[in-house]
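Chemist: let's see this in three dimensions:
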Amino acid sequence: GWVGNELYTCSDDKTVHKVSPDGEDEGKVVDLDSCPTDLHWFPSGNKRQQSDQFAMACSDGTFLLVLRNGRIEKKVDAHKGAVISVRWSNEGTAIGTAGEDGVVKIWSRSGMLRSTLATVDSSVYSLSWSPDSNQIGFTCGKDIIIKPLQPQAKQLQWRAHEGTVLKVDWNAVNGLIVSGGEDRKYKVWDSFGRMLFQSKPLEFAVTAAAWSPNGELFAVGMYDSLRLCDRTGWTYSREHVTTGSVSAISWSSDCTQLAGAGANGSVVFGQVLDRREEWQNISVMLKETNKVVVHDILGEMEEELDFRDRVINLSVGYGHLVVTTSLQCCIYSLQNLNTPHIFDLKETVNYMQLSDKYMLMVDTVGMQVYTYEGRSVAAPKFQGMRSETLNGSTVAMGAETLAVIDHADPKMVRIFECATGKEMGKPINHVLDVVSVSLNRWGNAAHRKCVIIDRNRDLYVCPVGQAAGSGKDAAPAPFKLGAMCDAAVWNTENDMLAAIMDGKLVVWYYPNVVFVDRDLVHKTKFSKEASDLGKDPQILHFHGTTVTVRRSDGAQLMSAVSPYPTALYGIVSRNMWEQAIQLCRYVKDATLWACLAVMALADKELSTAEVAFAAIDEVAKLQYVLAIKEIPSVEGRNAELALWRRRPDEAEQTLLQAGLIYRCIDMHIRLFHWDRALELAVHHKTHVDTVLMMRGRYMRAMGRAEDPADKFGKLRQELGEIDPAKVEAKIEQEKVKEASRPGAKPYQE
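Modeler: You can find the predicted model right below:
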């Protein structure tokens, strides 16, 4: 097991040795009375507070608690026969042991027995704790059993392999389980026992399997062989080693190297190399542990960057390359790789994400937001935040906004401001657990949107920050875009959204349509069959008009989308509406016309919207646009457009602030909000008779009589007979009054 940069190993010669990362034996730590079978360090990822204690299983039925200096703190009689597996819980509050006697036991941190969790009829070769440490997964012959710690809770058991299961490992970040067995296969499962991947039969039995701490990779060991695999199961590389059967694998906390224990007494070290990151025409690859190669494909330029320490993380995007080593962070401008901004790191960076102005770094302490000059600007925090759960799925960065899934309550997505680190408004509350979140980066804060994928694999979109508005209309409920979604990614250059849903590649050209006119959602999207992508594909990037997808077997596929929406974004962003109409007339595509119609509505360009709605035969919407153009006041037009966006409270606020009381009452009458219409009329002492007359017509048309006891009936009795001619005259007067207001002017073409 690793602690910092030191590796502790135990073997059948009844000793524990300390080994340096270079493979040099730094001496014996402790002599034992019996053969050790397993070793696990107390969990701690913090650089400054490294673990000081490890648990060790022994063949004489005991397990030991040993200090870093080799002193045995406690020896506990645990099982009849050998203790085969020992594991600390993820928080370090309990120890799980399993042995040849088929018993799984839970112990306190000090080695006191808490409970006998399970007794089975075969030896338990391996156990692993669930991410929340409330369950234990362990092997039982050919089966895997997941047993909750609560006595009354139901256990889950399934046939995992055709031979005895030798190893099981449950990752704390992604919640997936990897197992290996004597049937020479390794498999990946979710926490419900559903198989996500199984390998072909390999040369020998799989004797070891271990996840990297961040859940992105796992390693598999067998006789004279080590494999490095992606979390989805496909193999990155296979290395031949002369160790005999690899009996155990341990990853370093920074996920850059691993060690394997060989049956012949040797220890094999592996470094994760050839990591590649791409951005437009720039490709960056980790060539050696401290060497990065930058390749500009268009400029045919290649440059090598050497670093003093081992490279832990690298990321490229938005004109910058950021490399973190174990001690420093180097920020390069892609225009000039000779003068990086360098600053020292207190902790090892586990994850990075870049955006236009800022970059996010996650370490064992939490999240930090930096500028590209290396200046720390914010450290967003919230109660219950666990830094080990922050990764590409649970954290998303926009141009000025940050979205984080709350691990303590996965139904909640918290929104932070990058510049200050303060939480923005109320969090997004969903009905199910959210597994993935992503923010768009196009436009200003008023265009900020977030897409979430929940546990049911449904895809939702909702506005965040300024876009969510304020008051009663704030934070509308997330709108469902589709179901059976495997992955979703925003375009880096505009507001398009790509997703793989139910074997199809779907691209929404203008997702903002959801908040402008959701009737047109189906008219502004493009989908094509993508059954060749297989099971569980992932979208790597969506640059310009190209979507890059990685299949479950590791192959990368490119898919092109129409270049015209990208051109339309460019034209509209410069307010060139005539040219936008010309482009649509040239392309003659209904999808593009629908996009233009919604873009024009969002920017209150009614003349362009009129042309676009006519082109896609939306007669009712066209008539509504023409009616809005007839309204003499700017506030009246804005209120109608707010109503179109399904925000009646915003429309009411606009009209009341402008003093257009009759128009506000009329709007509620048209919406059949009779109570609110009457409330406004009574409050402002105007048009009470208008509301009662319209209400009377409505009740007669519905074939119903007004109840004399309710407020409408009482007011009608007070006012007596209402003269329709007087009411109509009053309405005409209001229209004339609105048209003659100081700020009123007809819609400008």
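
Chemist: residue 275: neighbouring residues, count only.
Modeler: Counted with other Cβ atoms under 10 Å, the neighbours of residue 275 add up to 15. Where you see a C-beta, it was placed from the backbone N, CA and C, and this is true even at glycine.

Chemist: next up, the contacts around it.
Modeler: 285-286, 314 (Cβ atoms under 8 Å, 6 or more residues apart in numbering).

Chemist: can you do 10 Å?
Modeler: Going by Cβ atoms under 10 Å, 6 or more residues apart in numbering, residue 275 touches 236, 256, 284-287, 292, 311, 313-314.

Chemist: can you flag the buried ones in the residues you listed?
Modeler: Neighbour-count burial (16 or more other Cβ atoms under 10 Å) applied to the contacts of residue 275 gives 256, 284-286, 292, 311, 313-314.

Chemist: give me the neighbour count for residue 557.
Modeler: 15.

Chemist: partners of it in the sheet?
Modeler: Note on residue 557: beta-bridge partners residue 549, judged by DSSP bridges.

Chemist: cool, and residue 167?
Modeler: residue 180.

Chemist: which helix in this structure has the most residues?
Modeler: When the chain is parsed with DSSP state H, its longest helix is helix 724-739.

Chemist: just flag the most distant two among the contacts of residue 275.
Modeler: Greatest spacing in these, by Cβ to Cβ: 236 and 292 (18.1 Å).

Chemist: what distance separates the start and the end of stretch 396-414?
Modeler: 11 Å (Cα to Cα, to the nearest Å).

Chemist: quick check: buried residues in it?
Modeler: So stretch 396-414, judged by 16+ other Cβ under 10 Å, has buried residues 396-407, 410-414.

Chemist: with distance to residue 132 added, can I get the contacts of residue 275 in CSV?
Modeler: Converted to CSV, the contacts of residue 275 look like this (distance: Cβ to Cβ, whole Å):
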residue, distance to residue 132
236, 29
256, 27
284, 36
285, 37
286, 33
287, 39
292, 37
311, 32
313, 27
314, 31
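
Chemist: dump the residue contacts of residue 176.
Modeler: 131, 169-170, 188-191, 196-197, 211, 215, 218, 231-233.

Chemist: what's around residue 422, how many residues?
Modeler: 9.

Chemist: so it sits right up against residue 379, yeah?
Modeler: No - using Cβ atoms under 10 Å as the test, residue 422 is too far from residue 379 to be in contact (11.0 Å).

Chemist: just the mean pLDDT for the strand or helix carrying residue 656, thanks.
Modeler: According to DSSP states H and E, residue 656 maps onto helix 648-658. Averaged across helix 648-658, the pLDDT comes to 90.

Chemist: hmm, who's touching that helix?
Modeler: By Cβ under 10 Å, 6+ apart, helix 648-658 touches 469-474, 633-645, 647, 660-668, 671, 673, 676, 680, 684, 738, 741, 743-744.

Chemist: give me the angle between that helix and helix 724-739.
Modeler: Orientation of helix 648-658 against helix 724-739 (axes from the mean of the first three to the mean of the last three Cα atoms, to 10 degrees) gives an angle of 80 degrees.

Chemist: so which bits of whichever helix or strand comes after helix 648-658 are buried?
Modeler: Scanning forward in sequence from helix 648-658 by DSSP H and E, the next helix or strand is helix 661-670. By neighbour count with 16+ other Cβ under 10 Å, helix 661-670 contains the buried residues 661-669.

Chemist: got a markdown table for those, with distance to residue 568 and pLDDT too?
Modeler: Converted to a markdown table, those look like this (distance: Cβ to Cβ, whole Å; pLDDT from 0 to 100):
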| residue | distance to residue 568 | pLDDT |
| --- | --- | --- |
| 661 | 40 | 90 |
| 662 | 39 | 90 |
| 663 | 34 | 90 |
| 664 | 36 | 91 |
| 665 | 39 | 91 |
| 666 | 36 | 91 |
| 667 | 32 | 92 |
| 668 | 37 | 91 |
| 669 | 38 | 91 |
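
Chemist: just put the residues you listed in TSV and tack on distance to residue 260.
Modeler: What follows is the buried residues of helix 661-670, written out as TSV (distance: Cβ to Cβ, whole Å):
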residue	distance to residue 260
661	78
662	80
663	76
664	73
665	77
666	77
667	71
668	72
669	76
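
Chemist: returning to that earlier point: quick check: angle from the helix holding residue 656 to helix 661-670?
Modeler: Using the same axes, to 10 degrees, helix 648-658 lies at 160 degrees relative to helix 661-670.

Chemist: got the buried ones among the contacts of residue 275 as a markdown table, with distance to residue 136 columns?
Modeler: Converted to a markdown table, the buried ones among the contacts of residue 275 look like this (distance: Cβ to Cβ, whole Å):
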| residue | distance to residue 136 |
| --- | --- |
| 256 | 29 |
| 284 | 41 |
| 285 | 40 |
| 286 | 36 |
| 292 | 41 |
| 311 | 36 |
| 313 | 32 |
| 314 | 36 |
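
Chemist: which of those residues sits closest to residue 278?
Modeler: After measuring the buried ones among the contacts of residue 275 against residue 278 - Cβ to Cβ - the closest member comes out as residue 284, at 7.5 Å.

Chemist: what's the weakest-modelled helix or strand in this structure?
Modeler: strand 2-3 (a mean of 79; mean pLDDT, DSSP states H and E).

Chemist: the helix or strand immediately after it in the chain: partners in the sheet, and parallel or antiparallel?
Modeler: Counting by DSSP H and E, the next helix or strand C-terminal to strand 2-3 is strand 6-11. Strand 6-11 pairs in its sheet with strand 2-3 (antiparallel), strand 15-19 (antiparallel), by DSSP bridges.

Chemist: so how far is strand 6-11 off the chain centroid?
Modeler: 36 Å (Cα atoms, centre = their mean, to the nearest Å).

Chemist: going forward, count from 824.
Modeler: Done: numbering now begins at 824, and the last item shifts to strand 829-834.

Chemist: report the buried residues of it.
Modeler: Buried, per 16+ other Cβ under 10 Å, within strand 829-834: 829-834.

Chemist: check the burial of the closest residue to residue 1354 other than its chain neighbours by counting its neighbours.
Modeler: With Cβ to Cβ, 6 or more residues apart in numbering as the criterion, residue 1354 has its nearest non-adjacent residue at 4.8 Å, and that residue is residue 1326. Residues lying near residue 1326 (other Cβ under 10 Å) number 15.

Chemist: quick check: residue 1326 vs residue 1347, distance?
Modeler: The gap separating residue 1326 from residue 1347 is 21 Å, by Cβ to Cβ, to the nearest Å.

Chemist: which ones are touching the closest residue to residue 1547 other than its chain neighbours?
Modeler: Leaving aside its sequence neighbours, residue 1547 sits nearest to residue 1516 (Cβ to Cβ, 6+ apart; 6.2 Å). Residues counted as contacts of residue 1516 (Cβ under 10 Å, 6+ apart) are 1492, 1510, 1539, 1542, 1545-1547, 1549-1551.
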